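**Q** Here is a sequence with its predicted model. Questions after.
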Amino acid sequence: MKFTSRIITNRTLDLSDADFSEGEIILVDKPSGPTSFQVVSKIRKITGVKKVGHSGTLDPKASGLMIVCTGKKTKEMDRFINLNKTYSGIIRLGLSSPSMDTETECSEIPLPEDITEEKILEVRNSFLGEIEQTPPMYSAVKVGGKKLYNLARKGKTIKREPRKIIIEKFEISKIDLPDIYFTITCSKGTFIRVIADDFGKKLKTGGILWELRREGIGEYRVDEALTISSFSKQFLAQLASE
């Protein structure tokens, strides 16, 4: 079975058997806006459990699935961290930014007149399989013990070593220039923002990640996740009934 009784989803109607101090696993649908750390902090506040972690960071402007573990279940996070991730989103061509998304100021780069669907699909194909990707400066990757985004916000850029990643699936559902709508399934450690930036460069223009949603982690899907609000209401309702 995809889910066990120890995984709390939007189909879990009764929390009376849940023991968040001992350890539970919760599928959470993160909204756009808060950081992953803030989501964990909210779950910690709701449950009153100090030990809470998650299985993979989502950028603040991204939405979608997070797997949150409490108590002793935090020891099991690695089995989720190593799973492939599936994302949907929009690459907007003709723009460039230091963060490769809308977090930092964007500059315009003209779109070539000869961009066609065939060229876009050719570029898409170039990402499939095992490729190398250099982590962006605006990321939580640590180099020399320092998080890259802290250096980037000070205007610093340092050398980063490329990493091997795997793009298992890269589907384009719609092309409405300057926007390209996509779904990607990829290995852990993949930065979709870098794919957007590289996509634009390969088409001799700019490219930023305009919108991103994590649809799945392995076999776990966001449509079976709880919003923070619904989890809070369900948790408080259970307390009131005891």
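**A** Structure received. Numbers count the residues shown, from 1 in each chain.
**Q** Only C-alpha atoms from now on, for both contacts and neighbour counts.
**A** Fine.
**Q** Buried residues, the longest helix that the chain contains. List them.
**A** Ordering each helix of the chain by length in residues (DSSP state H) puts helix 228-241 first. By 16 or more other C-alpha atoms under 10 Å, the buried positions in helix 228-241 come out as 228, 231-232, 234-235.
**Q** Ok, stretch 205-221 next?
**A** Judged by neighbour count (16+ other C-alpha under 10 Å), stretch 205-221 contains these buried residues: 205-218, 220-221.
**Q** Report the distance from that stretch to the chain centre.
**A** Its chain's C-alpha centre and that of stretch 205-221 lie 6 Å apart, by C-alpha atoms, centre = their mean, to the nearest Å.
**Q** Neighbours of residue 184, how many?
**A** Residues contacting residue 184 under the criterion other C-alpha atoms under 10 Å number 20.
**Q** element containing it, please.
**A** strand 179-186 (DSSP states H and E).
**Q** Residues contacting that strand, please?
**A** Defining contact as C-alpha atoms under 8 Å, 6 or more residues apart in numbering, one finds that strand 179-186 is touched by 84-93, 165-175.
**Q** From those, list just the buried residues.
**A** By 16+ other C-alpha under 10 Å, the contacts of strand 179-186 give 84-93, 165-168, 170, 172 as buried.
**Q** domain ranges for this structure?
**A** As given by automatic domain parsing, the domain ranges for the chain are 7-82+219-241, 85-217.
**Q** Now the two most distant members of the buried residues of stretch 205-221.
**A** Spatial extent of the buried residues of stretch 205-221 (C-alpha to C-alpha) is set by the pair 205 and 220 at 35.6 Å.
**Q** Quickly note the distance from the most centrally placed residue in the chain to residue 132.
**A** The chain has residue 58 as the residue nearest its centroid, 3.8 Å off, counting by C-alpha atoms, centre = their mean. Applying C-alpha to C-alpha, to the nearest Å, the value for residue 58 to residue 132 is 21 Å.
**Q** pLDDT weak spots in this protein?
**A** Within the chain, the stretches with pLDDT under 70 are 1-5, 242.
**Q** Kindly list the longest strand within it.
**A** In the chain, taking DSSP state E as the definition, the longest strand is strand 163-176.
**Q** orientation of it relative to strand 179-186 in degrees?
**A** Strand 163-176 runs at 150 degrees relative to strand 179-186, counting by axes from the mean of the first three to the mean of the last three C-alpha atoms, to 10 degrees.
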